[in-house]
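*Asks:* Please work out how this folds:
(one chain, ligands or ions: 1)
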Amino acid sequence: MGAVIEVTDLRRQYAGGFEAVRGATFSVVRGELFALLGTNGAGKTSTLEVVEGLARPSGGRVRVLGRDPHTDRAAVRPRIGVMLQQGGFPADLTVAETAAMWAGTLTSPRPVGEVLELVGLNHRVGVTIKQLSGGERRRLDLALAVLGRPEVLFLDEPTTGLDPESRRDTWALVRSLLDDGVTVLLTTHYLDEAEELADRLAIMHRGRIVREGTVAEVVATQPATVTFELAPGGGPPRLPDLAGALVVDDGGKVVVHTDTLQPTLTTLLVWAAERGVLLEQLAARPASLEQAFLAVADEADAPNQTEVLA
Ligand SMILES: Nc1ncnc2c1ncn2[C@@H]1O[C@H](COP(=O)(O)OP(=O)(O)OP(=O)(O)O)[C@@H](O)[C@H]1O
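*Replies:* Below is the predicted model of the structure:
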């Protein structure tokens, strides 16, 4: 399957010389959701703006639907939907007027009422933009981004400011668009959102992609954790030789970080069974996306520090 979005060695330098994107490469195939994660200032929005065609790259190559989104903007724009971090619509227009105005700029828009219902704003059609809550504005931004039946959808932090129920509604809408074959490039600070929606993701740090793959592949870069407690008394525990880092605190709580969860757990359970030892509060957890994310944030910004797992 050909890539719908292809980004190769993308660089973006701002006036003044600061290079916000320093050689990012990734591709997204049709019907896939690719999430760009990263610390504040990592370069996600700077990347997205170039892929959306809103800014020119200072280096590298970007193709959306086989075309350059900046120089071929007239051909690409009608086929994409963009939800920016801030919509910036006239404050005195109502929701219905704003959506109708936007629909007027599109060749084959969905019915406005249908889209406002999709994002749960059908009961707010007569309300002016300035009267909307932050979460409602976000939902209007999303409605306008999908109004033109886009083949490719760019979502820059789409659920920031939404309450938990609205976030779930947004996820359901995004999933239904993916089922219809829409390709989505998403940035988010919510790791659960990436876990929920992303087929693949990249973690950016200081302008570079430092992890890329499925959620499972990115998480697998971090060790799993086994924890348990030993009954107090009886002196220091004589534990088996477990693969991985072992920490035993004064209260008898044991934490094992291991890259080989199953063999480590098997060794531990056999050891405990043979000695009749009770492993209280035993828990085995694979690493989380949060752990992988925090590990990236902790790493030094060494040149050529790229780990591609896909
Ligand atoms: N117009 C600009 N001129 C100069 N530097 C800029 C400009 N816009 C952004 N930057 C800088 O580029 C870097 C990347 O910013 P960007 O907004 O792309 O990051 P981000 O990953 O989207 O961050 P956040 O998660 O905070 O939204 C930051 O250091 C930012 O200060």
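
*Asks:* nearest residue to Q13 other than its sequence neighbours?
*Replies:* S58 (4.2 Å; C-beta to C-beta, 6 or more residues apart in numbering). Just so you know, the C-beta spots here come from the backbone N, C-alpha and C atoms, and that holds for glycine as well.

*Asks:* which SSE is T8 in?
*Replies:* Element membership for T8 (DSSP states H and E) is strand 3-13.

*Asks:* Distance from the chain centre to that strand, please.
*Replies:* 17 Å (C-alpha atoms, centre = their mean, to the nearest Å).

*Asks:* do that strand and the ligand meet?
*Replies:* No. Judged by C-beta under 6 Å from any ligand atom, strand 3-13 stays clear of the ligand, getting no closer than 8.1 Å.

*Asks:* show me what contacts the residue nearest to Q13?
*Replies:* S58 makes contact with 11-13, 19, according to C-beta atoms under 8 Å, 6 or more residues apart in numbering.

*Asks:* and of the residues you listed, the nearest to E157?
*Replies:* Nearest to E157, judged by C-beta to C-beta, of those is R12 at 18.5 Å.

*Asks:* ok, that closest one - contacts?
*Replies:* Neighbours of R12 in contact, by C-beta under 8 Å, 6+ apart: 19-21, 43, 46-47, 50, 55, 57-58.

*Asks:* Can you mark which positions in the helix or strand of the chain with the lowest mean pLDDT are buried?
*Replies:* None of the helices or strands of the chain scores lower by mean pLDDT, DSSP states H and E than strand 245-248, at a mean of 72. Judged by neighbour count (16 or more other C-beta atoms under 10 Å), strand 245-248 contains these buried residues: L246.

*Asks:* what's that strand packed up against?
*Replies:* Packing partners of strand 245-248 (3 or more C-beta pairs under 8 Å, 6 or more residues apart in numbering; DSSP states H and E): strand 253-258.

*Asks:* got the contact list for the strand it packs on?
*Replies:* Counting by C-beta under 8 Å, 6+ apart, strand 253-258 makes contact with 223-230, 237, 239, 242-249, 264, 268, all of which sit outside it.

*Asks:* Just the ones of those residues in helices?
*Replies:* 264, 268 (DSSP state H).

*Asks:* Give me the buried subset of the contacts of strand 253-258.
*Replies:* 223-226, 228, 230, 239, 242, 244, 246, 264, 268.

*Asks:* Including distance to V184, could these go into TSV?
*Replies:* Listed next are the buried ones among the contacts of strand 253-258 as TSV, based on distance: C-beta to C-beta, whole Å:
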residue	distance to V184
P223	31
A224	30
T225	32
V226	36
F228	41
L230	48
L239	47
L242	42
G244	37
L246	42
T264	38
L268	42
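
*Asks:* Need the max-distance pair from the residues you listed.
*Replies:* Across the buried ones among the contacts of strand 253-258, no pair lies farther apart than P223 and L230, at 21.3 Å, counting by C-beta to C-beta.

*Asks:* Tell me how many other residues surround A3.
*Replies:* Other residues near A3 come to 17 when the count uses other C-beta atoms under 10 Å.

*Asks:* is it true that it touches V29?
*Replies:* Yes. Counting by C-beta atoms under 8 Å, A3 touches V29, with 5.6 Å between them.

*Asks:* top of the contacts of S58 by neighbour count?
*Replies:* Among these, the one with the most neighbours (other C-beta under 10 Å) is R12, at 22 neighbours.

*Asks:* still on that earlier bit, may I see the buried ones among the contacts of strand 253-258 organised as CSV, with distance to the ligand added?
*Replies:* Shown next, in CSV, are the buried ones among the contacts of strand 253-258 (distance: C-beta to the nearest ligand atom, whole Å):
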residue, distance to the ligand
P223, 27
A224, 29
T225, 28
V226, 34
F228, 38
L230, 43
L239, 42
L242, 39
G244, 33
L246, 36
T264, 36
L268, 40
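
*Asks:* Could you report the neighbour count for T98?
*Replies:* Neighbourhood size, T98 [other C-beta under 10 Å]: 21.

*Asks:* Find the nearest non-adjacent residue to it, please.
*Replies:* Spatially, and ignoring its direct neighbours in sequence, T98 is nearest to F89 (5.1 Å; C-beta to C-beta, 6+ apart).

*Asks:* got any ranges where the stretch 51-200 of the chain has weak pLDDT?
*Replies:* For the stretch 51-200 of the chain, residues meeting the criterion pLDDT under 70 lie at 87.

*Asks:* what ranges do the strands span in it?
*Replies:* Assigned by DSSP state E, counting those that start in this stretch, the stretch 51-200 of the chain shows strands spanning 59-64, 80-83, 152-156, 183-187, 200-205.

*Asks:* residues in this protein within reach of the ligand, list them.
*Replies:* Residues of the chain lying near the ligand by C-beta under 6 Å from any ligand atom: 14, 16, 18, 20, 38, 40-46.
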